[in-house]
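[1] Any chance you can model this:
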Amino acid sequence: MCATGRPGKTTPDCVRFAGVNPMVIPAGGRIQGRVDAPGDVAIAGRVDGEVYAEGTVTVSAGATCRATVRARQIRIYGELIGNATGAERIDVGDGARVVGDLRAPAIEIHAGAVVDGRADRPPETAEVGPRRIPRMPRPRGPVRVRIASACPPPPKPSSKPQP
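    Down below sits the predicted model:
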């Protein structure tokens, strides 16, 4: 049984903290099951299961999250093993490790981060948080990319023989 944040109330597999913002799982703390939060969640310990938040979920450096994570924004600086879906954005910081898929309209992966999985934008409207994500247009047909270089092109070889 897990606490609901209300005196005398418990639920079997769910931790709900009503009116507490942000919810903090301290270093050395461990939660197994489902976490539902009306605001932000800061994870410095370990979570096994599912994390759903209407605000921002932050996985701190040194923290381990073996869970499916859904929130408006997700910031990962520690270890996440599982899929993450953000309604607005996902940031994977330097030194973070992710094993799983990332899905959000904006995904930023910093140098030094390790991601073993896919990073994808949602193809259509999806319910992932307190609001709906608008459909993201996808290009049709082949996409041409032009790479501009600051260096001038190499000289073309001349057909005249050199003396």
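
[2] What's opposite the nearest residue to residue 114 once chain neighbours are set aside in the beta bridge?
    Distances taken as Cβ to Cβ, 6 or more residues apart in numbering place residue 97 nearest to residue 114, at 4.8 Å, with adjacent residues excluded. Yep, even glycine has a C-beta here, placed from its N, CA and C like the rest. Assessed by DSSP bridges, residue 97 has beta-bridge partners residue 79, residue 114.

[3] pLDDT score for residue 97?
    You'll see residue 97 listed with a pLDDT of 94.

[4] Just give the number of residues close to it.
    The local packing of residue 97 (other Cβ atoms under 10 Å) involves 16 other residues.

[5] Surely it touches residue 109?
    No: with contacts counted by Cβ atoms under 8 Å, residue 97 stays clear of residue 109, the gap being 11.5 Å.

[6] mind listing what the residue nearest to residue 114 touches?
    78, 79, 80, 113, 114 (Cβ atoms under 8 Å, 6 or more residues apart in numbering).

[7] any low-confidence regions in the protein?
    Low-confidence segments of the chain (pLDDT under 70): 1-21, 123-163.
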